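# from the sequence below, what's the structure:
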Amino acid sequence: MASDTELWRGTDYGWWLAADTSGAVGASLIAFAVPLMMLATTGSSAAATTTESICVVVQTVLGLAGGVIQDRYDRRTLMLIWGASGVVLSAVAAAAVMLFGNAPKTSGHGVNGANAPAFGGPYAHVLPIALLCIVVLFSVRDGLLENTSNAMLRGVVPDEQLPHAMALNDARDSTVTLVGGPLGGLLMTVGHAVPFLTSAVLSVLGMVSAWRIRRYWKRATVSDSGRPGNVDTGSEVGAVSDADDADDSAPRWRDALDGMIWLLRDRFQRHLIIAAAMVTGASNAFLLLTALDISQGGSQLISAGFINAASAVGMLLGALMASQLVNRVPGGVLVGVMFVLLAVGFTGAALVPSMVGKAIFVACSVLALPAGNAVLGGLSNTLVGKDKLGRVGAGSMVLQYGAYGVAVALAGWGMQTIGYGPTCLILAAVLVAAAAYALTMRSLVTLPTPDRWAEHIQRWGIAQF
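Below is the predicted model of the structure:
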């Protein structure tokens, strides 16, 4: 297994992680603040979840074009554009909240009289429309550029270090989730615009970190002599051009569907993406509904992020063990345990009435998620060429985010009609079905450790792209 020293000193992974983390924290703050603001200004949980669904649809539709962009153009430049657009949109959102949502922080003006965001003033009714427009623009940005850092990772980190790097990423994601909800609630108690202002600052930090990335893969082009040549021959960038791993021709717009077609054409990938989409949609809809239910129930804003924080604790604990488990335990075992724990944990969370009980079940449900993600992410990256990672990531995003958008829209409607409890039971049943479906895949549950993946891929005829 590659050592930590090789990963941190031998590559620019540290700068990549700093840039990606800045964007992740900023996105977490906005994702926490917007639904609660929509809930407070409209009084409707359906309106809050519908806003989320609209954003997911926009991001999903544009994601296919984003995949081509990420495979066609320099990914570091795209990360800089991502950061700059985040600064602008976050600043505009903060200005809109200060202009249209200015109100004294007094209790009783939130949802159901709770200590939720209180908005007043003559233009308060404009705020939901303004927020919707701004978050749609965020979704346009996300659809086109959000997956750039993920597509870039394999060009920063050698293939043999990918499982370790992805385990570290899961630990980072867990930490972001852990602090994102409570931090978002704390910032909103300081001022409704503060989460957006913080996001703008984080976007600046992300730009600086992305600019410092020097050693990364860049697409090779064909020089006048007919031999593959580097897109950027400057020694400052130190780009790695891998002509054997990539097609020299840049992708065209008509190639936008290639990644999704590959995911759906191969039997292994098709079954896996269906199970993953079910898990993504149901689990995230469950967490969002729980945060909205806490907010509607009269709890503090900081408490609304409690369930997300609980899941992050479980993820963080799992991530601490993931890098060791991936290289010692067969991948099929880790992935199977991941699906089973998710099904059992969220079912328990749906059945237990107390919030503490729900938090414990959710934390336990995601313990195996970092190891499972490291296995599936590492395997997927070995099956896909560096020049196609953007399109495959976009195809995966379309399918999983599409499932999430549908799940959130239906869950919001269900919460309005049949209530929070029954809706969460339905979502838990979807997770049980996903686990059962995944466990029927022999090519998945028999997946060995990474050193034997090549043999397994050949034995089961798993397609490469």
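# just give me the neighbour total for Ala407.
For Ala407, the count of nearby residues is 27 (other CB atoms under 10 Å). Where you see a C-beta, it was placed from the backbone N, CA and C, and this is true even at glycine.
# so it is in which element?
Ala407 belongs to helix 389-417 when elements are defined using DSSP states H and E.
# and stretch 288-305, what's its mean pLDDT?
Stretch 288-305 shows a mean pLDDT of 64.
# got any ranges where the protein has weak pLDDT?
Where the chain drops to pLDDT under 70, the residues are 1-7, 44-45, 101-125, 177, 218-254, 295-305.
# which elements pack onto the helix holding Ala407?
helix 45-72, helix 148-156, helix 258-265, helix 267-296, helix 420-439 (3 or more CB pairs under 8 Å, 6 or more residues apart in numbering; DSSP states H and E).
# now the angle between helix 420-439 and it, please.
150 degrees (axes from the mean of the first three to the mean of the last three CA atoms, to 10 degrees).
# still on that earlier bit, deepest of the helices and strands packed on helix 389-417, which one?
Across the helices and strands packed on helix 389-417, averaging neighbours per residue (mean count of other CB atoms under 10 Å) puts helix 148-156 on top, at a mean of 25.
# tell me the angle of that one relative to helix 389-417?
140 degrees.
# re earlier: quick one: closest of the helices and strands packed on helix 389-417 to Tyr216.
Shortest distance between Tyr216 and those, using CB to CB, is found for helix 148-156: 4.7 Å.
# for that closest one, which helices and strands make contact with it?
helix 13-42, helix 45-72, helix 75-100, helix 162-190, helix 389-417.
# and with 6 Å instead?
helix 13-42, helix 75-100, helix 389-417 (3 or more CB pairs under 6 Å, 6 or more residues apart in numbering; DSSP states H and E).
# dump it to PDB, restricted to CA.
Listed in PDB are the C-alpha atoms of helix 148-156, where the atom choice follows Å, rounded to 0.1, in the frame of the first residue of the first chain:
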ATOM      1  CA  THR A 148     -14.300  18.500 -12.400                       C
ATOM      2  CA  SER A 149     -12.300  17.900  -9.300                       C
ATOM      3  CA  ASN A 150     -13.400  14.300  -9.100                       C
ATOM      4  CA  ALA A 151     -12.500  13.800 -12.800                       C
ATOM      5  CA  MET A 152      -9.100  15.400 -12.100                       C
ATOM      6  CA  LEU A 153      -8.300  13.200  -9.100                       C
ATOM      7  CA  ARG A 154      -7.000  10.300 -11.000                       C
ATOM      8  CA  GLY A 155      -4.700  12.600 -13.000                       C
ATOM      9  CA  VAL A 156      -3.200  13.900  -9.700                       C
END
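# quick one on the thing from earlier: which positions within the helix holding Ala407 qualify as buried?
Going by neighbour count (16 or more other CB atoms under 10 Å), the buried part of helix 389-417 is 389-412, 414-415.
# distance between it and the chain's centre?
12 Å (CA atoms, centre = their mean, to the nearest Å).
# ok so, going back, next, format the helices and strands packed on helix 148-156 as JSON lines and append distance to Met315.
Output for the helices and strands packed on helix 148-156, formatted as JSON lines (distance: least, CB to CB, whole Å):
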{"stretch": "helix 13-42", "distance to Met315": "13"}
{"stretch": "helix 75-100", "distance to Met315": "24"}
{"stretch": "helix 389-417", "distance to Met315": "17"}
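# for these, which one sits closest to Leu168?
helix 13-42 (7.4 Å).
# and that closest one, how far out from the chain's middle?
Distance, centroid of helix 13-42 to centroid of chain: 10 Å (CA atoms, centre = their mean).
# compute the inter-axis angle for it and helix 267-296.
Helix 13-42 runs at 50 degrees relative to helix 267-296, counting by the same axes, to 10 degrees.
# burial of the closest residue to Ala463 other than its chain neighbours, as a residue count?
Once flanking residues are discounted, Ala463 sits nearest to Asp266: 3.8 Å by CB to CB, 6 or more residues apart in numbering. For Asp266, the neighbour count with other CB under 10 Å is 18.
# ranges for the strands of the stretch 101-250 of the chain?
For the stretch 101-250 of the chain, applying DSSP state E, counting those that start in this stretch gives strands covering 220-222, 228-230.
# got the CA coordinates for stretch 391-404 in PDB?
Provided in PDB are the C-alpha atoms of stretch 391-404 (Å, rounded to 0.1, in the frame of the first residue of the first chain):
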ATOM      1  CA  ARG A 391     -18.400  11.900 -19.100                       C
ATOM      2  CA  VAL A 392     -18.600   8.800 -17.000                       C
ATOM      3  CA  GLY A 393     -19.000  11.000 -13.900                       C
ATOM      4  CA  ALA A 394     -21.600  13.000 -15.600                       C
ATOM      5  CA  GLY A 395     -23.500   9.900 -16.600                       C
ATOM      6  CA  SER A 396     -23.400   8.600 -13.000                       C
ATOM      7  CA  MET A 397     -24.500  12.000 -11.800                       C
ATOM      8  CA  VAL A 398     -27.500  12.100 -14.200                       C
ATOM      9  CA  LEU A 399     -28.700   8.800 -13.000                       C
ATOM     10  CA  GLN A 400     -28.100   9.200  -9.300                       C
ATOM     11  CA  TYR A 401     -29.100  12.900  -9.000                       C
ATOM     12  CA  GLY A 402     -32.200  12.100 -11.200                       C
ATOM     13  CA  ALA A 403     -33.100   9.500  -8.600                       C
ATOM     14  CA  TYR A 404     -32.500  11.900  -5.800                       C
END
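# can you tell me how far Leu29 is from Val156?
26 Å (CB to CB, to the nearest Å).
# and for Ile69?
Distance, Ile69 to Val156, using CB to CB: 19 Å.
# repeat that for Gly395.
Counting by CB to CB - Gly395 and Val156 are separated by 22 Å.
# same check, this time on Gly143
Taking CB to CB, one finds Gly143 at 23 Å from Val156.
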